[in-house]
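A.B. asks: kindly generate the corresponding structure for this input.
(2 chains)
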Amino acid sequence: QSALTQPASVSGSPGQSITMSCTGTSSDIGNYDYVSWYQQHPGQAPKLMIYEVSNRPSGVSNRFSGSKSGNTASLTISGVQPEDEADYYCSSYTSGTTRVFGGGTKLTVL
Amino acid sequence: QVQLVESGGGLVKPGGSLRLSCAASGFTFSDYYMSWVRQAPGKGLEWVSHISYSGNTRHYEDSVKGRFTISRDNAKKSVSLQMNSLRAEDTAVYYCARYYPYNYLDYWGQGTLVTVSS
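C.D. replies: Next up, the predicted model:
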């Protein structure tokens, strides 16, 4: 069982905004601003999309944004595009095992 | 550009051993922590281990403690994962990644598949 809880799937039509959640506890998301998000297309390596809750690495589209409230982090994709269809994983520092991932959310662009 | 290339994966019997390697290029290797993350077939990501700049600090996921050993050679710009007493549940693609300590993994290799089966 994953330490962080993500919905198994979300979907949206091109141009829509979608938000996916990542729920942890006071031992991870709730206590540290070290939340990151990764995009993974089938057969490919994960790619960093968001770090430290809301920062975008160079080269990542500004359509991707992150936020956090309490023990829950969120990833929002504004104006979702077909190429955004992928699996998305959240991750957080945790005082217990140092780093945990969510189970992943599959984004389907209708 | 940053490149991470894993090698050493393969088929091994339960109880066997395997050593994974990751060759790094395009950045000052000794300035970064490094990490191994795995992904079982059809499953999510799981952090396995990480190692500090000089190798003095190493952390492991609970299920691999005592069986896996991470090490690095800064002169050769490589990080390794020695895996002993392998179990079926260790079957996964193993990714090498550059790691900002306790924060995020910004570059990943393409992964190497480890299959533990009789």
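
A.B. asks: would you mind listing what in chain A touches chain B?
C.D. replies: Within chain A, the positions adjacent to chain B are A:2, A:34, A:36, A:38, A:40, A:44-48, A:51-52, A:57, A:89, A:91, A:93, A:97-104 by Cβ under 8 Å from any Cβ of the partner chain. The C-beta positions use only the backbone N, C-alpha and C, and glycine is treated the same way.

A.B. asks: and if we set it to 7 Å?
C.D. replies: The interface of chain A toward chain B, taken as Cβ under 7 Å from any Cβ of the partner chain, is made up of A:2, A:34, A:36, A:45-46, A:48, A:51-52, A:57, A:89, A:93, A:97-101, A:103-104.

A.B. asks: okay, residue 96: pLDDT?
C.D. replies: Here I'm looking at chain A. Here the pLDDT value assigned to residue A:96 is 63.

A.B. asks: that's the other chain; I wanted chain B
C.D. replies: At residue B:96 the predicted local confidence, pLDDT, stands at 98.

A.B. asks: name the SS class of the most centrally placed residue in chain B, please.
C.D. replies: Nearest to the mean C-alpha position of chain B, counting by Cα atoms, centre = their mean, stands residue B:36 at 3.0 Å. Assigned with DSSP: H, G, I helix; E, B strand; the rest coil, residue B:36 falls in the strand class.

A.B. asks: for it, what are its contacts?
C.D. replies: B:48-49, B:70, B:81, B:94-96 (Cβ atoms under 7 Å, 6 or more residues apart in numbering or on different chains).

A.B. asks: hmm, residue A:66 is touching residue A:54, no?
C.D. replies: Yes: applying Cβ atoms under 7 Å, one finds residue A:66 in contact with residue A:54, separated by 4.5 Å.

A.B. asks: the more surrounded of those two?
C.D. replies: Neighbour comparison, residue A:66 and residue A:54: the larger count goes to residue A:66, with 21 against 16 (by other Cβ atoms under 10 Å in any protein chain shown).

A.B. asks: direction included, what does the helix or strand containing the more buried one pair up with?
C.D. replies: Following DSSP states H and E, the helix or strand that holds residue A:66 is strand A:64-69. Using DSSP bridges, the neighbouring strands of strand A:64-69 in the sheet come out as strand A:72-77 (antiparallel).

A.B. asks: so residue B:63 sits in a strand?
C.D. replies: No: according to three-state DSSP, residue B:63 belongs to no strand; its state is helix.

A.B. asks: if I look at it, how far off is chain A?
C.D. replies: From residue B:63 over to chain A the distance is 10 Å, taken as Cβ to the nearest Cβ, to the nearest Å.

A.B. asks: SS state for the closest residue to that residue other than its chain neighbours?
C.D. replies: On the basis of Cβ to Cβ, 6 or more residues apart in numbering or on different chains, the spatially nearest residue to residue B:63 that is not a chain neighbour turns out to be residue B:89, at 7.6 Å. Classification of residue B:89 using three-state DSSP returns helix.

A.B. asks: what about residue B:89, neighbour count?
C.D. replies: That count, for residue B:89 with other Cβ under 10 Å as the rule, works out to 10.
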